[in-house]
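**Student:** Build me a structure from this.
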Amino acid sequence: MENYLYFRKNRPISASHTQTSTSQTQTAAFLVADIGAVAGNDNLNEIAAISITSVDGGGTGHASVLFVPATITPAVTYSSTALAIATGTTHWINPANQVYANGILVIDAHGTAGGYTLDDDDVITAYWKTGLETAFMYPVSSLKAINATSDTVTTVHFASILGDNTDDVVTFTHTAGQFDKVCKMINDACNAHPLDGRMIKVYDGHDGITTYLNENDAAITLMEYAPEGGAAGMAT
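**Tutor:** Residues are numbered from 1 along each chain as shown. Below is the predicted model:
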């Protein structure tokens, strides 16, 4: 039984943005430096929850968001009833109702279940999932090629999960001249515990703590995942 190569994308547990206006559009905390390059940062399914904390309670008294447990676990419903927003309170909005693309998060205004009209100084925090939306693995036999597309970018090609003709591609961005270390990392994973049927963790960038197989520091700063099916081919 062959081994499986496991990867997990660069993701913090959460990222926050403090409003400097009443705009519903958020960008500052959700761009490349915090979350990853645009190509790996486009799937709304990767956001598990969004909270809004009102610093002064002003200007958002007509907002319409609330966690209402229908049972103890796991059901949650979102209110469309206008709420009084008190100073320092935190409210949760429905991530499925928001718009998230190219690192820009747009909050739906009040009046719908899970919407919220923002005020100056509100703090918006997004929490990222840690499951299949950010992690994936392939059998060793699916590995097709490792290419240096530049001195700072290495791509790893796998046979498509969908079984079609286009490769699934993992792209590593790293400091210059580290291609050989990326190759060694993949090679070590392919040959670890051979034919043992294990999951071998090759790269894990979750929670801002980057770990590599066998402490192989390939100086990777970002990993992006482009399966043939794109966001539609990823888990929901």
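**Student:** which regions of the chain lie under the pLDDT threshold?
**Tutor:** Within the chain, the stretches with pLDDT under 70 are 31-44, 58-76, 82, 130-134, 207-216, 229-236.
**Student:** Outline the domain layout of it.
**Tutor:** Per automatic domain parsing, the structural domains of the chain span 13-128, 133-233.
**Student:** next SSE after the helix ranked longest in the chain?
**Tutor:** Counting by DSSP state H, the longest helix found in the chain is helix 179-191. Downstream of helix 179-191, the next assigned helix or strand under DSSP states H and E is strand 199-206.
**Student:** What residues sit buried inside that following strand?
**Tutor:** 200-206 (16 or more other CB atoms under 10 Å). Using the backbone N, CA and C atoms, a C-beta is placed for each residue, glycine as well.
**Student:** Equivalent analysis for stretch 137-149, please.
**Tutor:** Here stretch 137-149 shows 137-138, 140, 142-143, 146 as buried, counting by 16+ other CB under 10 Å.
**Student:** Check stretch 50-57 too.
**Tutor:** 50-54.
**Student:** Could you tell me the end-to-end distance of that stretch?
**Tutor:** 18 Å (CA to CA, to the nearest Å).
**Student:** Likewise for stretch 14-24?
**Tutor:** Note: stretch 14-24 ends 19 Å apart using CA to CA.
**Student:** what does that stretch contact?
**Tutor:** 26-30, 34-35, 59, 105-109, 117-128 (CB atoms under 8 Å, 6 or more residues apart in numbering).
**Student:** Just the buried ones out of the residues you listed, please.
**Tutor:** Buried, going by 16+ other CB under 10 Å: 26, 29-30, 34-35, 59, 105, 107-108, 117-119, 122, 124-128, out of these.
**Student:** From these, which land in strands?
**Tutor:** 26, 105, 124-128 (DSSP state E).
**Student:** can you redo these as CSV with distance to residue 161?
**Tutor:** What follows is those, written out as CSV (distance: CB to CB, whole Å):
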residue, distance to residue 161
26, 32
105, 28
124, 34
125, 32
126, 27
127, 27
128, 22
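**Student:** Please identify which of the residues you listed is nearest to residue 2.
**Tutor:** Taking CB to CB as the measure, residue 2 lies nearest residue 128 of those, at 30.3 Å.
**Student:** Spit out the contact partners of that closest one.
**Tutor:** 11-15, 35, 46-48, 134.
**Student:** and if you look at residue 205?
**Tutor:** 8-11, 220, 222-223.
**Student:** can you count the residues close to residue 194?
**Tutor:** Residues near residue 194, counting by other CB atoms under 10 Å, number 10.
**Student:** so how far is residue 141 from the residue nearest to it when sequence neighbours are not counted?
**Tutor:** Residue nearest to residue 194 in three dimensions, not counting chain neighbours: residue 3, with 7.2 Å by CB to CB, 6 or more residues apart in numbering. From residue 3 across to residue 141, the span is 10 Å (CB to CB, to the nearest Å).
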